[in-house]
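Asker: This is a predicted model, with the sequence first.
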Amino acid sequence: MLLRLDPKASAQLLNKMADFSLLLDESGKVLEIAVNSDDLSGAISDDWIGDNLLSIITSESASRANELLQLATARPGTPVRRDITHLLPDGAELLVQYQAICPIGHSEILALGQDMRPAANLRQQLMNAQQALEQEYWRLRQIETRYRRLFEMVSDAIIVVEGDSMRVTEANPEASRLLSPDGRSIVGKPFPTGFDAGGNRAVAALLADARSVGKGSTQGVGSADGSHAFGVAASYLRQGEESRFLVRVSSEAGGANEVSGGHGDQHYMQETLRRAPDAVLITDDDGRVLAANKAFLDLAQLISEDQARGQSADRWLGESSVDLSVLLTNLRRNSSIKLFSTRLLGELGASSDVEISACNTADPGARTFAFFIRDVGRRVDSKHQSEGQLPRSIEKISKRVGRVPLKELVRESTDIIEALCIDAALELTHDNRASAAELLGLSRQSLYAKLRRYGIGGGQVDSE
């Protein structure tokens, strides 16, 4: 019955069912407009009256608008649904879902419009959340893989003990080799295990002390068969309602508590350097790590010094191997360097702005170098914030001259200039991306790709 009403009467009845409605003739000319949404009252005005529907939409929506008009006219009384994007006077885009119907016995078309921007925003937020969850999942998987690999590669026995039941929940292969008579896994067994009677009492007392003060160590713990003496160190960890002991067992020759190091390590790293607040790194003549203090391990996101020993220092120092090569060349020639600016890259992806001073050591047997590394990230950030983005970018590139190939410096300079131009265009157009693309002579798709590449404005693409 409703479909046989006059189109104007139908519009008045159906207007409450949509955000707005248009009354069109067969050619798509707008005859009347009725807006029922406060959010759209400023965007949609009577200026559309007299315009053709095709003149107030984006070019990408033209084919869908033609289908809407043709099908509605060809099938009176049957609703036709299409999504169409309007181009507003200020350059913004408005995504609308139309249901168009031509009442039986009339030539006019009633188009009911639903604002799809809230739904598009929700879909975008959902997609962003899904991508963030996926990235976090893979990040955790990578961390777990590194943890497992390190757990198996470390030369000392590493054991995780559940704090309430005092049973072993995790143990690396070395732990089973040292503490199990038949070499079988000790996971699930009560701890302490694998020590003699006196050793069990000493380790039990150590765990009790660690529960009280957080950590502790003991030496001279005998094995069950009396053939070995171990050093044992333990840390107490609590998270929520769960508690764990992290236990490290090593042979007495190496010692479990390596704060003071072995005899060879003391030659390279004295106690004072190990406790220094700045990172200290000792390398051989080729830049391979001989020793590192705790501050360096923290910056490089390493768990133990064993992970660093034998590795080339350019694994962490500098954005390329050129930085270390320049340092070593100058140290061989001048014996010392002061305030060399570069970056330190951590194992887990973190990076820090650092300054390096270095010198030859007094080792008579072989040429070795000591690197003193200071994190200047907070100082650099404060300076850059006060000086602005452009000087910061030029300074950053100029400091890399001689350490990075010219071709790479030219590419970085081009990217910086391009990003600055895009940022200026967005500022001139008050963040209107369609106008900014036209101002720059780019298509919207190219502009969106560059926004994502340079991380400008969140790099989000407007929904269509």
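Answerer: On my side now, so go ahead.
Asker: How confident is the prediction for the residue of the chain most remote from its centre, by pLDDT?
Answerer: The centre of the chain is farthest from one residue, residue 105, which by C-alpha atoms, centre = their mean lies 60.9 Å away. Residue 105 is assigned 76 on the pLDDT scale.
Asker: And it, how far from residue 76?
Answerer: Separation of residue 105 from residue 76 (C-beta to C-beta, to the nearest Å): 8 Å. (Each C-beta comes from the backbone N, C-alpha and C, glycine too.)
Asker: now residue 370
Answerer: 89 Å.
Asker: got it, and residue 348?
Answerer: In terms of C-beta to C-beta, residue 348 sits 65 Å off from residue 76.
Asker: how's this structure carved up into domains?
Answerer: 2-115, 154-251, 263-382, 405-459 (automatic domain parsing).
Asker: Ok, which of these comes nearest residue 121?
Answerer: domain 2-115 (10.3 Å; C-beta to C-beta).
Asker: Centre of the chain to the closest one, how far?
Answerer: 44 Å (C-alpha atoms, centre = their mean, to the nearest Å).
Asker: cool, stretch 200-215 as well?
Answerer: 39 Å.
Asker: now swap in stretch 114-129 and tell me
Answerer: For stretch 114-129, the distance to the chain centre is 23 Å (C-alpha atoms, centre = their mean).
Asker: got the buried residues for it?
Answerer: Within stretch 114-129, the residues that count as buried by 16 or more other C-beta atoms under 10 Å are 114, 115, 116, 117.
Asker: Next: stretch 93-113.
Answerer: Counting neighbours by 16+ other C-beta under 10 Å, stretch 93-113 gives 93-103, 106, 108-113 as buried.
Asker: remind me which residues of the stretch 101-250 of the chain are low pLDDT?
Answerer: For the stretch 101-250 of the chain, the stretches flagged by pLDDT under 70 are 151.
Asker: what ranges do the strands span in it?
Answerer: 109-115, 157-162, 168-171, 215-222, 229-239, 242-251 (DSSP state E, counting those that start in this stretch).
Asker: just checking, what packs against the longest one?
Answerer: Going back to what we said before, that points to strand 229-239. helix 197-213, strand 215-222, strand 242-251 (3 or more C-beta pairs under 8 Å, 6 or more residues apart in numbering; DSSP states H and E).
Asker: Helix or strand next in line after the host helix or strand of residue 423, which one?
Answerer: Assigned by DSSP states H and E, residue 423 belongs to helix 406-428. Proceeding N to C from helix 406-428, the next assigned helix or strand is helix 433-440, under DSSP H and E.
Asker: more crowded one of residue 348 and residue 76?
Answerer: residue 76 (16 against 12; other C-beta atoms under 10 Å).
Asker: For the more buried one, give me phi and psi.
Answerer: The phi and psi values for residue 76, taken as degrees, to the nearest 10, are phi -60, psi 140.
Asker: On the strand side of things, show who residue 237 bridges to.
Answerer: Under DSSP bridges, the beta-bridge partners of residue 237 are residue 244.
Asker: what about it, how many neighbours?
Answerer: Residue 237 has 14 nearby residues by other C-beta under 10 Å.
Asker: wait, it sits on residue 244?
Answerer: Yes: taking C-beta atoms under 8 Å as the definition, residue 237 is a contact partner of residue 244 at 4.7 Å.
Asker: Now render the helices and strands packed on strand 229-239 as TSV, adding distance to residue 174.
Answerer: Conversion of those to TSV gives the following (distance: least, C-beta to C-beta, whole Å):
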stretch	distance to residue 174
helix 197-213	17
strand 215-222	16
strand 242-251	8
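Asker: Pull out the buried positions in stretch 50-58.
Answerer: 52, 53, 54, 56, 57, 58.
Asker: Nearest to residue 222 among these?
Answerer: Of all the buried residues of stretch 50-58, residue 222 sits closest to residue 58, with 81.2 Å by C-beta to C-beta.
Asker: how about the closest one, what does it touch?
Answerer: Going by C-beta atoms under 8 Å, 6 or more residues apart in numbering, residue 58 touches 85, 86, 87, 93, 464.
Asker: tell me the contacts of residue 242?
Answerer: Contacts were defined as C-beta under 8 Å, 6+ apart; by that measure residue 242 touches residue 163.
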